[in-house]
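K.L.:
3D model of this:
(one chain, ligands or ions: 1)
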Amino acid sequence: MNSQDLLETRVSKKKMNKTSSNSSTENAKSSSKITCQFCEKELTEKTVVKHSCRLKTRMFELENFHHVKLGFQAHIKYRKLVLLKFKEMTHLDFAKSSYYKSFSEFGKYLDDIQVINLDDFMGFLVDRKIPFKKWHNPMIYEHYLKFLHKKETAEDAVVRTLKIIESWSLQTGLPQKSFFHHVDTGYFLILVRTGRFSPWVFFNAESVSEIMRRMTDEELSLMTQSVEPTYWELKFAENRNDVAIVKEVLRQYGI
Ligand SMILES: [Zn+2]
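P.N.:
Numbers count the residues shown, from 1 in each chain. This is a model prediction of the structure:
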């Protein structure tokens, strides 16, 4: 639905009394009567465009704002996992629901952190019985990232991380193989801390020493806190075949 559709209103369907006068004047009056499809307020052709009400605003937000869409998705998952409601929910149902405001705000947070695998994150919050007021806590998201990194396969981790390198290359016009040589260290630290850059790639790329040389001591210490090197050392030792494949893929990319 686009914004034009949102302006769409339905003509009031007041039934004309068959016995009453059915003159052309009466018909003209009836067809110019417009009702807001959301709040039922009666409007005229002049006031309909400027008309605004809570539901109409929310429907507009649901169509146009990314964070509200994320909040809606999160709510759908919450309904299934916590409220055990499986019936499909429409935009209008959500706009009318008492959860709209809180989940839209949560969507803003999800958008800010660029949440990875929203459904998994919702499952993580629900499984651990984390109360809603703590969902916005960055510490919780960091725990989730560690959990996510540990359970995802090497293949998934490499695929999604290579996409980041690819988009960096497109934005900068620099070749993918020069990622660790030229990427901004502050930006890279954000990628690691927000979980968008997987340890599978970080620890197995040959050219990673290039960025390590460029990072400040503070940046290096922040990164170590996020990636848990001891955990990964053990994991790689137990999955030597996967490590060999990942190294080969990265070598082909020149990374
Ligand atoms: Zn209205």
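K.L.:
Contacts made by stretch 158-178 with the rest, please.
P.N.:
116, 179, 182-183, 191, 196-198, 200-201, 207, 246, 249-250, 253-255 (CB atoms under 8 Å, 6 or more residues apart in numbering). Heads up, the C-betas are built off the backbone N, CA and C, glycines and all.
K.L.:
now do 7 Å
P.N.:
Contact with stretch 158-178 is made by 179, 182-183, 191, 196-198, 200-201, 246, 249, 253-255, as judged by CB atoms under 7 Å, 6 or more residues apart in numbering.
K.L.:
One more: stretch 231-250?
P.N.:
Counting by CB under 7 Å, 6+ apart, 154, 158, 199-201, 203-205 sit against stretch 231-250.
K.L.:
burial of the residue of the stretch 101-250 of the chain found nearest the ion, as a residue count?
P.N.:
Using CB to the ion, the closest approach of the stretch 101-250 of the chain to the ion is made by K101 at 18.0 Å. By other CB atoms under 10 Å, 11 other residues sit near K101.
K.L.:
Please save the CA atoms from the host helix or strand of it in PDB.
P.N.:
Per DSSP states H and E, K101 falls inside helix 100-112. Output of helix 100-112 as PDB, limited to C-alpha atoms (Å, rounded to 0.1, in the frame of the first residue of the first chain):
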ATOM      1  CA  TYR A 100       2.000  -1.100  18.800                       C
ATOM      2  CA  LYS A 101       3.800   1.700  20.700                       C
ATOM      3  CA  SER A 102       6.200  -0.500  22.700                       C
ATOM      4  CA  PHE A 103       7.100  -2.800  19.800                       C
ATOM      5  CA  SER A 104       7.700   0.200  17.400                       C
ATOM      6  CA  GLU A 105      10.100   1.600  20.000                       C
ATOM      7  CA  PHE A 106      11.800  -1.800  20.200                       C
ATOM      8  CA  GLY A 107      11.900  -1.700  16.400                       C
ATOM      9  CA  LYS A 108      13.800   1.500  16.600                       C
ATOM     10  CA  TYR A 109      16.400  -0.200  18.800                       C
ATOM     11  CA  LEU A 110      16.600  -3.200  16.400                       C
ATOM     12  CA  ASP A 111      17.200  -0.800  13.500                       C
ATOM     13  CA  ASP A 112      19.900   1.000  15.400                       C
END
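K.L.:
Could you name the helices and strands sitting against that helix?
P.N.:
If you count contacts as 3 or more CB pairs under 7 Å, 6 or more residues apart in numbering; DSSP states H and E, helix 100-112 packs onto helix 66-78.
K.L.:
for the contacts of stretch 158-178, which one is nearest F106?
P.N.:
Using CB to CB, R196 comes nearest to F106 of the contacts of stretch 158-178, at 19.9 Å.
K.L.:
gap between L222 and T185?
P.N.:
According to CB to CB, to the nearest Å, L222 and T185 sit 11 Å apart.
K.L.:
picking that back up, in the contacts of stretch 231-250, which residue is surrounded by the most others?
P.N.:
W200 (26 neighbours).
K.L.:
does that residue really touch A157, like I thought?
P.N.:
Yes: counting by CB atoms under 7 Å, W200 does reach A157; the two are 4.0 Å apart.
K.L.:
and H67, what does it touch?
P.N.:
Per CB under 7 Å, 6+ apart, neighbours of H67: 104, 107-108, 111.
K.L.:
And the pLDDT at it?
P.N.:
In this prediction, H67 carries a pLDDT score of 98.
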